[in-house]
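S.K.: Here is my input, please return the structure:
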Amino acid sequence: MKKVEIAVGIIRSQDGKIFITQRGENSHLAGFWEFPGGKVESDETPFMTLQRELAEEIDIHIHHAKYLKTVEHQYSDRFIIIHAYLVEEWDGEPFAVEGQNSRWVYEDELNADDFPDANRILIEMLKNQDQSM
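M.R.: Numbers count the residues shown, from 1 in each chain. Predicted coordinates for the structure are as follows:
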């Protein structure tokens, strides 16, 4: 079974919107929305991955990120480990460098059905942030 470890950034603006991107048509779970991030390389910590991936994928440079949670999820073909961070301080204006769809949405507009199953816990946490963030 394939094991994939990733780091994602929940990019939250001062007005409470979250930046999300859509998975490309040739990727695993194509068409679903996701929080930007990517695979942890063998020589990286999850935070290092977060910094690198957000620079590569959405052209921002983070100042600070708050670790939120590590989520593990079993798909039929792979085991996913997600290290999630809240990012509220960065340089640059996020955009999808690779041309995929992206948008800003209010936290209460996030729909877990639009995201891969592994993200459900993170979306629930955002919607109930008074308890967990």
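S.K.: What distance do you get for the residue nearest the centre of the chain to Phe115?
M.R.: What sits nearest the mean C-alpha location of the chain, by Cα atoms, centre = their mean, is Phe35, with 2.5 Å. Distance, Phe35 to Phe115, by Cβ to Cβ, to the nearest Å: 8 Å. C-beta coordinates here come from the backbone N, C-alpha and C atoms, glycine included.
S.K.: Could you do Ala96 as well?
M.R.: Computed as Cβ to Cβ, the Ala96 to Phe115 distance reads 16 Å.
S.K.: Over to Gln14?
M.R.: Gln14 sits at a distance of 23 Å from Phe115 (criterion: Cβ to Cβ).
S.K.: Please say which of those two ends up with more neighbours.
M.R.: Remark: of Gln14 and Phe115, Phe115 carries more neighbours, 19 against 7, as counted by other Cβ atoms under 10 Å.
S.K.: In contact with the more buried one, which residues are there?
M.R.: By Cβ atoms under 8 Å, 6 or more residues apart in numbering, Phe115 lies in contact with 32-34, 123.
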